[in-house]
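*Asks:* what's the 3D shape of this:
(2 chains)
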Amino acid sequence: DTGVSQDPRHKITKRGQNVTFRCDPISEHNRLYWYRQTLGQGPEFLTYFQNEAQLEKSRLLSDRFSAERPKGSFSTLEIQRTEQGDSAMYLCASSSPGTGYSGELFFGEGSRLTVL
Amino acid sequence: AQSVTQLDSHVSVSEGTPVLLRCNYSSSYSPSLFWYVQHPNKGLQLLLKYTSAATLVKGINGFEAEFKKSETSFHLTKPSAHMSDAAEYFCVVMGGNTGKLIFGQGTTLQVKP
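*Replies:* Below you'll find the predicted structure:
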């Protein structure tokens, strides 16, 4: 399968611990997005990379959150000092390069975080 | 700022009957609008998109949506529901200049046999 893959699929942690999620986009896609989805809500945009450059960050992304895409391929999203409010599904999506934005994002199945 | 509002959080239909999922949008300029579907334990998938070409847009699995500027609506329809259509549906507008998507709160479609 050559779709977007995310790891781990599920993570249970205690409040105050750090967690890291990894996303491997579709290989030729240079655009990568992170979203957060809480129960009963639509996904909310967190951040966007074009190649290795982080071009936009949502105000939702507090100082405890950091995302990287060091070589323009896979990306990581780290949450430091987790809080119960961080419990959510973290979604990664990628899209193909082009002269414009088509709006067609390819999503992974998500990483579900539970903070106890 | 762009936004979308899905008017129903839950829609229940019988198999073989029409489906209507309602969405209104707010945008200061001509929007790019989408419907995405999320099946349980599956990634979100693009169903269809409107980008200022034809106002009636056809998507996958027999779904279509009509862009109505006068009503600021982009409702999703399907003539005959199938059991496999049961899923969460999101109306989406493209925001900003980085291609990010702004999602509605979602509509759960239940299909009864």
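
*Asks:* would you mind listing what in chain A touches chain B?
*Replies:* By the rule CB under 8 Å from any CB of the partner chain, the part of chain A lying against chain B is A:3-4, A:31, A:33, A:40-45, A:48, A:50, A:55-56, A:91, A:93, A:95, A:101-110. C-beta coordinates here come from the backbone N, C-alpha and C atoms, glycine included.

*Asks:* report the buried members of the residues you listed.
*Replies:* Neighbour-count burial (16 or more other CB atoms under 10 Å in any protein chain shown) is assigned, among these, to A:4, A:31, A:33, A:42-45, A:48, A:50, A:56, A:91, A:93, A:95, A:101, A:103-110.

*Asks:* re the thing from before, among the residues of chain A next to chain B, which lie within strands?
*Replies:* A:31, A:33, A:44-45, A:48, A:50, A:55-56, A:91, A:93, A:95, A:106-107 (DSSP state E).

*Asks:* redo the residues you listed as CSV? Include pLDDT.
*Replies:* Shown next, in CSV, are those (pLDDT from 0 to 100):
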residue, pLDDT
A:31, 92
A:33, 95
A:44, 96
A:45, 95
A:48, 94
A:50, 92
A:55, 92
A:56, 92
A:91, 97
A:93, 95
A:95, 91
A:106, 93
A:107, 94
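
*Asks:* using CSV, please lay out those together with distance to residue B:61.
*Replies:* Shown next, in CSV, are those (distance: CB to CB, whole Å):
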residue, distance to residue B:61
A:31, 26
A:33, 24
A:44, 26
A:45, 26
A:48, 29
A:50, 31
A:55, 33
A:56, 32
A:91, 22
A:93, 21
A:95, 22
A:106, 17
A:107, 17
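
*Asks:* which among those residues gets closest to residue B:55?
*Replies:* If you rank those by distance to residue B:55 using CB to CB, residue A:95 comes first, at 24.6 Å.

*Asks:* which residues are in contact with the closest one?
*Replies:* A:29, A:31, A:33, A:101-102, A:104-106, B:99 (CB atoms under 8 Å, 6 or more residues apart in numbering or on different chains).

*Asks:* sweet, I'm off.
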